Each structure stands twice: as C-alpha cells, then as structure tokens.
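Engineer: Sharing a sequence plus its predicted fold:
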Amino acid sequence: MKVLNIGSLNIDRVYGVDHFVRPGETIKTKTYAEACGGKGLNQSIALARSGAEVHHVGAVGADGGMLLDVLKASGVHIEGTKSLSGASGHAVIQVDQNGQNNIIICGGANDSVSKEMIDEAVKEVEEGDIVLLQNEISNVGYAAETAKKAGAKVALNPSPINENLKTIPMDLIDYFILNEIEGKEISGAESEEPEMIMEKLKEKYPKAAFVLTLGEKGSWYFDETRCFKQEIYKVKAVDTTAAGDTFCGYFLSGLTKGKEIPEILKTASAASAIAVSRSGAAPSIPTYEEVDKFMAERS
Ligand code: RIB
C-alpha cells in the first residue's frame, strides 16, 4: 500500500522574533534561516522517514532544487513533481520565544498543479492506496474526485482554512486529519470544544474517520463506532512548525503498515513531540529509529 501525496512544496523563510510583529510595528529579527517546508513536502517527508512508500506530486519553480533534493534524500519518489519556470512557493514564518509560529504563504508554483498532472499521477493508484491532500495547491477538489474514482482512500488535512475549502467535496474524504480550529470550521460546531466537534463531524460525515489534534490536550481518533485518545509527550517547544504535518505523516504511515490505532496515535504523538523540540519544518521531522528510541526512553 502506497501513499500518493498531491501537495505543496515551499521554501520557508524563518524569522526568530521576541514577539510577533504588531500592526504598524517594525521589529528586527534575532535569527534568520531558510529551510524546506510546505505542508505537502513536510507530510511526504514524515511518511518517508517513518518507513512508508510515498510518491509526491506537485510543482516547484526554477529555485526549487533544494526542495527536490530533500525529498529524494528522505526517500520520497518524486517522478510526479514537476519543475516549472517562475518561483517556488514560499512561506514567511515568525517563530517567537515560546516556539509558537505564524505563517504567510505565497503559492508560487503550487498554484500551477494542473488537472493533467493529477490525472497522470493518479493512473498509478491501486485499490486501497491512500491519496493525501492539503489545501495549499490548485485543483485540490479535482484531485479528491479523481483519486476516489481510481479506488483510492482519500485523506485530507484541510489546512490552511480559506475560501478554497468550499471547492473540496468533503463527502468523498475517508480520513480527515485536522486540528480543533479546522475541526470547528468543517463541522460547523459553535466552539472548539473537542466533544462538540466530534459529534458534529460524525453527524456530517458518518462514513469518515477523523484524527483531531488538540495541541497540549493530545489527539483523538474517532469514527462511527470507535474513539481513542492519546496524550502528548511533554517537551520544551523550540518551534512548533510542521508538528501537525509530522503527526499526519506518521498517522497515515501507521495505517499503511496495518498497525492498530492506539499504537499509531502513540507513535505519531512521539514523532510530533520530537518535531516541536527542533527548529524548522522539514529539518525537524524525525526518522522512525529516532521515534522508537524516544518512546523507549519514556516507557
Ligand atoms: O505546516 C507548516 C508549513 O506550513 C510550513 O512548512 C509552511 O511552508 C506552510 O506550508
């Protein structure tokens, strides 16, 4: 069973700041770094580093060599990722002293993922494969429809939240991997209270399975008949960027390996704790060996 990830690739421009810049304010950055990121790329790397077979479909610009290199070095298959003229997608990221971030993305080549590229990639899908999507490229809705027709299970990380989400046929999604903000938005719940989000999501999409990540409160898996909860592994937060992507990749990887949900949640939780304790997006994502060692030290 393989994962076909049709997703974004960004060059992350990361600014370490005392506090997030306020309206009208100019601040000087304490640190600056450029790293590989993009929700798509981060999730592909998490899948590959955890030992899953993952094929990434997307687009980079003329400056995207580093993005292709990190995918290849991590073991991601990139035959479906095109190099186009123009600029790659990029993100401007502020990381504060508590490791919290805020992010602005600029689509670049991610906005040129065409229906033809998706058709070509989905030809390789076999019954039961997972097609993974986020909301940072063009034609996400088309990708969900095409993947479903090809017999894939469709997983969606509906991030970031914006108008484009309305173009995605949510009733085709088999696995939602989302945080409480996204959960509230998609479910139509009145608050970010997890119980309420769970009830609303199950009511709206009774055939789907959900992973709800809740920051300090851990993570929940639920579907029509089951619910499992996992606490976080406490670490000092250095940079939370890509923690959710790491969780998502490790979760789906566990499914491809046929593991039980409680074990999958535990491993994904450990992987994302390690990512939180390190700087950067892609550079912070651990290998399976690192996650295994981390869990052994804490058992
Ligand atoms: O989820 C983190 C990612 O969001 C960053 O790597 C950035 O590129 C944006 O896509």
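Structural biologist: Good, I have the coordinates. Numbers count the residues shown, from 1 in each chain.
Engineer: Find the closest residue to the ligand in the stretch 51-200 of the chain.
Structural biologist: Nearest residue of the stretch 51-200 of the chain to the ligand: Ala91, at 3.5 Å (CB to the nearest ligand atom). Quick note: C-beta positions are derived from backbone N, CA and C, even for glycine.
Engineer: Run through the bridge partners of that residue.
Structural biologist: Note on Ala91: beta-bridge partners by DSSP bridges are Asp12, Ile105.
Engineer: Can you name the residues of the stretch 1-150 of the chain sitting close to the ligand?
Structural biologist: Contact residues (CB under 6 Å from any ligand atom) of the stretch 1-150 of the chain with the ligand: 8, 10, 12, 37-39, 42, 91, 103, 105, 136.
Engineer: let's go with 5 Å and repeat that
Structural biologist: Applying CB under 5 Å from any ligand atom, we find that the stretch 1-150 of the chain lies next to the ligand at 10, 12, 37-39, 91.
Engineer: picking that back up, report pLDDT for the residue of the stretch 51-200 of the chain closest to the ligand.
Structural biologist: If you check Ala91, the pLDDT there is 98.
Engineer: With Glu163 instead?
Structural biologist: You'll see Glu163 listed with a pLDDT of 96.
Engineer: For this protein, just list every one of the helices.
Structural biologist: Ranges of helices in the chain, per DSSP state H, are 39-49, 65-74, 115-122, 140-149, 180-187, 194-204, 243-256, 261-276, 288-297.
Engineer: just those: most buried one?
Structural biologist: Comparing these by mean neighbour count (mean count of other CB atoms under 10 Å), helix 39-49 ranks first with a mean of 31.
Engineer: So what pairs up with the residue nearest to Phe210 when sequence neighbours are not counted in the strands?
Structural biologist: Among residues not flanking Phe210 along the chain, Phe176 sits closest, at 4.8 Å (CB to CB, 6 or more residues apart in numbering). When bridges are called by DSSP bridges, Phe176 pairs up with Leu156, Phe210.
Engineer: Report the separation between Phe176 and Thr246.
Structural biologist: In this view, Phe176 and Thr246 are 17 Å apart by CB to CB, to the nearest Å.
Engineer: And for the residue nearest to Ile6 when sequence neighbours are not counted, the neighbour number?
Structural biologist: Excluding the flanking residues, the one nearest Ile6 by CB to CB, 6+ apart is Val57, at 4.4 Å. Using other CB atoms under 10 Å, Val57 has 27 neighbouring residues.
Engineer: can you check Ser191 too?
Structural biologist: Residues near Ser191, counting by other CB under 10 Å, number 10.
Engineer: Just the closest residue of this structure to the ligand, please.
Structural biologist: Nearest residue of the chain to the ligand, counting by CB to the nearest ligand atom: Gly37, 2.4 Å away.
Engineer: pretty sure that residue is touching Gly7, no?
Structural biologist: No. At 11.4 Å, Gly37 does not count as touching Gly7 under the criterion of CB atoms under 8 Å.
Engineer: So these two - more neighbours on which side?
Structural biologist: More crowded of Gly37 and Gly7, by other CB under 10 Å: Gly37, with 32 against 28.
Engineer: now that one, which residues is it bridged with?
Structural biologist: Under the criterion used (DSSP bridges), Gly37 bridges to Asn10.
Engineer: And it, how far from Leu156?
Structural biologist: Applying CB to CB, the value for Gly37 to Leu156 is 19 Å.
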